[in-house]
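Participant: pasted the sequence and its predicted model underneath.
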Amino acid sequence: MKLDGFPIVVPVDVRYRDLDTFNHVNNAVYLTYFEQARVAYFKSLGWRSDDASVVVARAEVNYRRPIFLGDEVRVGCRVARFGNKSYIMEYLITANGEVAADGQTVQVFLKRGSPAELPEELLDKIKAVEEGKNPTV
């Protein structure tokens, strides 16, 4: 299966409001689908909204096929690479089992509102998720 390499996979319900005038999901909504998977990933890390945070510094989407109302949509999310103050997350969206889009985002770690070194604790939690060990369980 195309999503096998992703430790976090979430189902997404296509809503009527997601559609554009061509009756397929609007291109900007794909980033919202990425966000839903990213939030699930953060939850698996035990993240709380009052924790030190990350911001999305860059986003990229490659559109492969349209998504329509009624399609069975799933989004996979994984961390692909680490920098000193950032990391790259990769995404894969499938619709009815076919690749609909892929892409990535760059997250920058913030401490007191400024970019900061990724803490070892965060790196350890991410590595555990990537290895299939949920640190919050």
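Facilitator: Great, that's in hand. Residues are numbered from 1 along each chain as shown.
Participant: not counting its own residues, what contacts stretch 5-15?
Facilitator: With CB atoms under 8 Å, 6 or more residues apart in numbering as the test, stretch 5-15 has contacts from 3, 25, 33, 36-37, 40-41, 44, 67-78, 92-93, 129-130, 132. Backbone N, C-alpha and C define where each C-beta goes, glycine included.
Participant: among these, name the ones in helices.
Facilitator: 33, 36-37, 40-41, 44, 129-130 (DSSP state H).
Participant: got a quick PyMOL command for the buried subset of those residues?
Facilitator: Here is the PyMOL command that selects the buried residues among the ones in helices among the contacts of stretch 5-15 (16 or more other CB atoms under 10 Å):
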select buried, resi 33+36+37+41+44+129
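Participant: quick check, nearest of the ones in helices among the contacts of stretch 5-15 to Val61?
Facilitator: Tyr33 (9.6 Å; CB to CB).
Participant: quick one: pLDDT of the closest one?
Facilitator: Looking at Tyr33, its pLDDT reads 98.
Participant: Provide a list of residues in contact with it.
Facilitator: 12, 73, 75, 91, 93.
Participant: please name the nearest non-neighbouring residue to the first one.
Facilitator: Closest residue to Val12 in three dimensions, ignoring its sequence neighbours and counting by CB to CB, 6 or more residues apart in numbering: Val73, at 4.3 Å.
Participant: the one you found: neighbouring residues, count only.
Facilitator: By other CB atoms under 10 Å, 21 other residues sit near Val73.
Participant: the closest residue to Val61 other than its chain neighbours is in what secondary structure piece?
Facilitator: Nearest residue to Val61, sequence neighbours excluded (CB to CB, 6+ apart): Gly103, at 4.1 Å. Gly103 belongs to strand 98-111 when assigned by DSSP states H and E.
Participant: likewise Ile126?
Facilitator: Remark: Ile126 resides in helix 120-130, with elements defined by DSSP H and E.
Participant: pLDDT weak spots in the chain?
Facilitator: For the chain, applying pLDDT under 70 flags the ranges 1, 49-52, 134-137.
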